[in-house]
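Participant: mind looking at a prediction? Sequence and model below.
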Amino acid sequence: MIISDLSQIEGREYPARRRTRNLVGGAAPIQAANFAMGYVNLEPSGGQVPWHNQEQEEVYFLVKGEAEMCLGEECFTMREGQAVYIPSGVFHQMTNVSEHPAVMIYVYGPAGDVEHWRQELSGTLPMAGKDVPPLPEGAFPQCVEPPKQKQG
């Protein structure tokens, strides 16, 4: 039996102020061909999964907190206990809009890496309204800051 234990998975910090831990796929102990799953902590007041799209279908489930969810031309506030379906190819972004941490789970399929992770870590994430479609009007701005350099 293979177990993914969240308490044993360090995960990765992203410039948009989130920590992502793979439970299925990526660096996780569990590998599946048809889906990937992860646990994400969004920092208060702006922690984000920035504006991007991908080939896979996806679901975001908000475990804790309150977050602005932008999907295509729509923007709405998600509350804990809600899930949203993200169709293949549709641009989306989730931002913690509260002063408290937020936690979400993502599931997408088929499994595989998603380009926006590499783009964000390298500082090459396409900019909303310039390189890719714009965010919905009034949305929290997309985080496109390059990664912070570690002090050595």
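Facilitator: That came through, no problem.

Participant: which stretches in this protein count as helices?
Facilitator: Here the chain has its helices, by DSSP state H, at 115-122.

Participant: and the residue positioned nearest the centre of it, how close does it get to P29?
Facilitator: Residue closest to the mean C-alpha point of the chain, counted by CA atoms, centre = their mean, is V49 at 3.6 Å. With distances taken as CB to CB, to the nearest Å, V49 is found 23 Å from P29. Heads up, the C-betas are built off the backbone N, CA and C, glycines and all.

Participant: ok, now N22?
Facilitator: Taken as CB to CB, the span from N22 to P29 is 9 Å.

Participant: mind checking which of those two has more residues around it?
Facilitator: Comparing N22 with P29 by other CB atoms under 10 Å, the one with more neighbours is N22, at 20 against 13.

Participant: quick check, that one in contact with E10.
Facilitator: No: N22 is beyond contact range of E10, at 10.4 Å (criterion: CB atoms under 8 Å).
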